[in-house]
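Chemist: Structure of the sequence below:
(2 chains)
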There are 2 protein chains.
Amino acid sequence: MGKVLIFGHQNPDTDAIGAAIAFANLQKELGVDAEAVALGTPNEETQFALDHFGLTAPRVVEKIAAETSDVMLVDHNEFQQSVADIEELNILAVVDHHRIANFQTANPLYYRAEPVGCTSTIVLKLYKENNIAVPAKIAGMMFSAIVSDTLLFKSPTCTQEDVDAANELAQIAGVDGNSYGLDLLKAGTNLGNKSEAELLDLDAKSFPMANKTVRIAQVNTVDLDEVFARQDALRDAMLTENTKNGYDLFLLLVTNILNSDSELLVAGEPREMVTEAFNVQLKNDRAFLPGVVSRKKQVVPQLTAAFEK
Amino acid sequence: MGKVLIFGHQNPDTDAIGAAIAFANLQKELGVDAEAVALGTPNEETQFALDHFGLTAPRVVEKIAAETSDVMLVDHNEFQQSVADIEELNILAVVDHHRIANFQTANPLYYRAEPVGCTSTIVLKLYKENNIAVPAKIAGMMFSAIVSDTLLFKSPTCTQEDVDAANELAQIAGVDGNSYGLDLLKAGTNLGNKSEAELLDLDAKSFPMANKTVRIAQVNTVDLDEVFARQDALRDAMLTENTKNGYDLFLLLVTNILNSDSELLVAGEPREMVTEAFNVQLKNDRAFLPGVVSRKKQVVPQLTAAFEK
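Modeler: Numbering: from 1, shown residues only, chains lettered A, B, ... in the order given. Sure thing, here's the model as predicted:
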């Protein structure tokens, strides 16, 4: 085994980057020549966390095969969310908390998925199973990842294991969890300085559903109206992305992190799947989804079921 | 969550049945309404182990959806090796030691794969992580599964973790590992009383490779000549299976458990993939593969690579 690159999904969020840093450090402690890399630059929330704990962002890679053949994935498994040349690489390990789809290997591997709110919660378990201490700075990134993925423990994806892990990590990192956590989330809601295309790319993933490709982006805000003031420009940008990338249907989930509700903006077809999945009527391409904050648990399965009906 | 059925792959071997029994018992201890079932009746080796430790064979099921929607898989993940209606079921957990392919879920799940020689080695870890003691009879089945999968620790798939787990389980079960282990393996080599079709079905799995379907069966013996005395009848039966089930290429791996070598019998096309994969010439549809005992590690990856070239 040569050098091993460890990375999270495209459009990295705080867990994709935090879990990569944490799992790479664990692998190094276990004697592996590992390096955390990323499939994109940190968003503002993630950069806030990196700055707060004095860490540098992982090097950005676009392809890997020229550099090494051995990789480990965190916080994703679906190939269309991974590095461009993933099919040429030897996947040694995956640590993840998502459904498994569009993923395969030629060889047996280490695969550790658990239905918890955040990959970093699982990575903390792996540190413990290997009797390795988590360094304070890395604990801070892992805590930030849990806050980010669970919207400060309010998402239905959040489990007691996430809460317990976060408490333990906050203590190691020496932060006041609630006040730092809210500052972290707010750092990610500064949308005014971003173009529509940037905003749609902040935290977006593609999903094959039936024979269609569905793109689902999510942005967090403390003010839904501020985002929807740009509705026409956003819809135009979504249609442009559909044409450019072959997406059929584009959903933008705008989540109010203070109220834990979301409003959906839809572009493309077949939009009746949205009606079917959430039992709502679209008005002016929009639908309000009370209590919905989790793409993974409250959007993807419902939409998948509608497509498969 | 209602009733949960737990099962290994089709054509169950000792690990498919042993790990299902062991993991179902663990789930019951954790409060889940779990039952071990099987996708076929035990082979003679597995029946020897069940009899030795006073356990009854799991109930055989063909479909599950009418009974429950919730399942956990052990010792496999590929849908074509699973229960017929797997795509209608909700997979809550997988414990496995194979490559991942042709597997997907709509929801996040618990997935625990490790590149060790036997699923039961991983199940023992799960007992420990949950602080649950393994009952002696079940420890006996798990020990039998490790002996079976690793050919008494001689297979290249066998890791130190398997050896350590086997030693611990033999002690709990109260058996002399080596003498019981050889008796167990010999119980599986009684091939004379089986028809060619039965022999081909003892331990067989299908693999999609490129756009072909490859069937790979394995039988253990203490006498290669005894098996190849039936070569013509075996080849005819393999061609019949190809036609009946749409397999393109059928490989029968006849493994001498005393010498740890195998001889391959090939029926169907494209047989040049065998030449390519193992760098051998076929003579009379046969090739001797010195040191090859593991389908998973010494046959499937090499053949997959040849098909993907």
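
Chemist: Okay, buried residues for the longest strand seen in chain A please.
Modeler: Using DSSP state E to define each element, chain A has its longest strand at strand A:212-221. Using 16 or more other CB atoms under 10 Å in any protein chain shown as the test for burial, strand A:212-221 gives A:213-221. Bear in mind the C-beta positions are built from the backbone N, C-alpha and C, glycine included.

Chemist: What is it packed up against?
Modeler: helix A:196-201, strand A:204-209, helix A:231-245, strand A:249-256, helix A:300-308 (3 or more CB pairs under 8 Å, 6 or more residues apart in numbering or on different chains; DSSP states H and E).

Chemist: Any idea which of those gets closest to chain B?
Modeler: With CB to the nearest CB as the criterion, chain B lies closest to helix A:300-308 of the helices and strands packed on strand A:212-221, at 5.0 Å.

Chemist: between that closest one and strand A:249-256, how big is the angle?
Modeler: 150 degrees (axes from the mean of the first three to the mean of the last three CA atoms, to 10 degrees).

Chemist: Can I get helix A:300-308 in CSV, CA atoms only?
Modeler: Written as CSV, here are the backbone C-alpha positions of helix A:300-308 (Å, rounded to 0.1, in the frame of the first residue of the first chain):
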residue,chain,number,x,y,z
VAL,A,300,-34.2,12.1,-0.9
PRO,A,301,-36.1,9.0,0.3
GLN,A,302,-39.5,10.6,-0.3
LEU,A,303,-38.5,11.7,-3.8
THR,A,304,-36.9,8.3,-4.6
ALA,A,305,-40.2,6.6,-3.6
ALA,A,306,-42.2,8.9,-5.8
PHE,A,307,-39.9,8.2,-8.8
GLU,A,308,-40.1,4.5,-8.2
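
Chemist: What helices and strands are in contact with that helix?
Modeler: Using 3+ CB pairs under 8 Å, 6+ apart, helix A:300-308 is in contact with strand A:204-209, strand A:212-221, helix A:272-278.

Chemist: would CSV of the ones you listed with distance to residue B:279 and mean pLDDT be doable?
Modeler: Converted to CSV, the helices and strands packed on helix A:300-308 look like this (distance: least, CB to CB, whole Å; pLDDT from 0 to 100):
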stretch, distance to residue B:279, mean pLDDT
strand A:204-209, 38, 92
strand A:212-221, 41, 95
helix A:272-278, 51, 96
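
Chemist: need those in JSON lines with distance to residue A:139, can you?
Modeler: Output for those, formatted as JSON lines (distance: least, CB to CB, whole Å):
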{"stretch": "strand A:204-209", "distance to residue A:139": "27"}
{"stretch": "strand A:212-221", "distance to residue A:139": "23"}
{"stretch": "helix A:272-278", "distance to residue A:139": "37"}
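
Chemist: Of all these, which one is nearest residue B:176?
Modeler: With CB to CB, the closest approach to residue B:176 among those belongs to strand A:204-209: 53.2 Å.

Chemist: mind listing what the closest one pairs with, with the direction of each?
Modeler: Strand A:204-209 has the following strand partners under DSSP bridges: strand A:212-221 (antiparallel).

Chemist: Is residue A:168 in contact with residue A:121, as I believe?
Modeler: No - counting by CB atoms under 8 Å, residue A:168 stays clear of residue A:121, with 10.0 Å between them.

Chemist: The nearest residue to residue A:246 once chain neighbours are set aside bridge partners, please.
Modeler: Spatial nearest neighbour of residue A:246, excluding adjacent residues (CB to CB, 6 or more residues apart in numbering or on different chains): residue A:213 at 6.2 Å. With DSSP bridges as the criterion, residue A:213 is bridged to residue A:208.
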